[in-house]
Structure formats: structure tokens, C-alpha cells
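[1] A predicted structure for the sequence below; I have some questions about it.
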Amino acid sequence: MLPASWRVQLPIFEGPLDLLLHLVRINKVEITDIPVAVVCDQFHEYLRLMEELDLDIAAEFIYEAAVLIQVKSKLLLPQAGRPGEEAPEDPRHELVSRLLEYRRLKEAAQALAEVDRVRQGIWTRKPAPWKPEADPEETDVPLEEVSLFDLIGALRTVLERYDKEHPEPILLPHERFSVRSQIERLLALLEAGHPSGLFDQLRSLSCRAEAIAMFLAVLELARLNLVRIHQGGEGSDVLLFRTTRELQPEELEAISG
């Protein structure tokens, strides 16, 4: 929730039909052929974003969202009628009629307002401000008025791009290797009379944690006289010799980790 001091009240009312006309314009479709499923999803996304920005959402928006859902659900139903009957009316007909009428009235109101401003003569000719010589490589960009929904749409685009560029990190769980499991693995591997190289065993492990667990297991096996450890000389491999003693269950239970 934004602080109260941040809330903005716009002097120009823009209602749900303005938002629908805005969606028709950005989707580059005709009012008479509105893709209701797409527009319905975008309409609800704008409402969600307006709520997140703490903008007042009038009941007209909620009503229009319900109308879109109703039209969308009707379009999903089979439309074919019985033989000999007239084709059922397009579920979008009432919505399209209201949009066309609203756009006509809006354009008429804008034209009248423009005429009124001209008649009042509020536009006086002012001396042209001094402009530095323009860079020949620069081109003039036509500027248009920006509505509230244009700004929300720009914010929506930025947020979507931010989400794509900053995906949620993937947390990988740490692997755990116990000394007991390494003891059991070594006892199953070692055979009496056949020494096994400790370095080769360590190199075959998957990670540092598993190597440490196995090293501790070798020390426990030596302490319990289950293996003997020998080395042929400095720099040569360390050899593990399995003794004939058997590991007792209570000894394994007494080993922590």
C-alpha cells in the first residue's frame, strides 16, 4: 500500500470504456472484431496493476470486467443453431455497440472542446522561442498525448522486462553424506587380501563433502580395527587392507554423523 501522500488524483476521468478502447488500439484490432479472450485477460491485468498502484477502481471497472467474463464464456459455448433458425447473435454485439457509441461521443466532445477553445481565442501568437540549429542527424519525433492507461501499459512492459532479466534464483539443496553410509560402502567394497587405493577412492567421489565423509569413515574403520592402512613409500598411494573382524551393529550405531 502506497503512502497517502503519494496518491495522485487525475483531473480527467478515464473509465472502463477508455481502457477497452486503449486495449483495442494497442492490439491493433477493429472494435467490431475484438479478441475477447485476449482483451479480457489484459483488462484484468490492468485492474490488478491499478490496485497495486493504489489507484481508485470504480464500480464501473468491476462491472465491465464481469461483462467481459460473461462474453468470453458465451464465446466458448457452441454457437451453431438448429437448422432453419436464424444464426445466434454475436455475444460481442452489445459490447461493440457501446464502444462504438462511446468512441463517437468522445470524438464529438473532443471536437466541440477544440472548437470552443478556438472561439474563445485563448491561443495568442507568441514569439517563436530561439532554437539552436538542429543536428542534421536528428529527426523530429511526433509527440502525442499520453493517457493514464498508456502510462500503466508502459509500466507493465517495464515490469515484464525486469522479471525476464531478473529471474528468481534457483536454490539447490546441499547434498549430505554421512560417515555411517561411507563405512557401509567401504566395507561392501573392500575384500580381505585385496588392498584398495585410498587416493583412487577419493578421486571417484562426486564432491568435497563426500570425500571428507569418506576420509572420516576410513579413520573410524582403522580405529575399530576393521581396516589396516599402509603406504609403500613417500608419495605413493595409501592402501586399505580389510581385516577379518566384523563390524558390530552397536559399533555402527555409536558412530555419529
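    Structure received. Numbering: from 1, shown residues only.

[2] from here on, just use CA atoms for contacts and neighbour counts.
    Will do.

[3] quick one: pLDDT of residue 168?
    Looking at residue 168, its pLDDT stands at 82.

[4] in what helix or strand does it lie?
    Using DSSP states H and E, residue 168 sits in no helix or strand.

[5] quick one: the strands in the stretch 101-250 of the chain?
    196-197, 227-231, 238-242 (DSSP state E, counting those that start in this stretch).

[6] what mean pLDDT does stretch 221-240 have?
    Averaged across stretch 221-240, the pLDDT comes to 83.

[7] also stretch 117-128?
    Here the average pLDDT along stretch 117-128 is 69.

[8] tell me where the stretch 101-250 of the chain has helices.
    Counting by DSSP state H, counting those that start in this stretch, the stretch 101-250 of the chain has helices at residues 148-165, 179-189, 198-203, 208-223, 249-254.

[9] need the ones you listed in TSV (columns: distance to residue 100 and mean neighbour count).
    Shown next, in TSV, are those (distance: least, CA to CA, whole Å; neighbours: other CA atoms under 10 Å):
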stretch	distance to residue 100	mean neighbour count
helix 148-165	19	13
helix 179-189	75	16
helix 198-203	75	13
helix 208-223	70	18
helix 249-254	81	10
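
[10] out of these, which gets nearest to residue 34?
    helix 148-165 (18.2 Å; CA to CA).

[11] picking that back up, reformat the helices of the stretch 101-250 of the chain as TSV; add distance to residue 110.
    Listed next are those as TSV, based on distance: least, CA to CA, whole Å:
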stretch	distance to residue 110
helix 148-165	17
helix 179-189	80
helix 198-203	79
helix 208-223	73
helix 249-254	86
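
[12] looking at these, which is closest to residue 77?
    Residue 77 lies closest, by CA to CA, to one member of these: helix 148-165, at 31.1 Å.

[13] tell me the helices and strands packed up against that closest one.
    Under the contact criterion of 3 or more CA pairs under 8 Å, 6 or more residues apart in numbering; DSSP states H and E, helix 148-165 touches helix 16-27, helix 36-52.

[14] which parts of the longest one are buried?
    In terms of neighbour count (16 or more other CA atoms under 10 Å), helix 36-52 has its buried residues at 36, 37, 39, 40, 42, 43, 44, 46, 47, 49.

[15] same list, the helices and strands packed on helix 148-165, but as JSON lines with mean pLDDT please.
    What follows is those, written out as JSON lines (pLDDT from 0 to 100):
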{"stretch": "helix 16-27", "mean pLDDT": "90"}
{"stretch": "helix 36-52", "mean pLDDT": "87"}
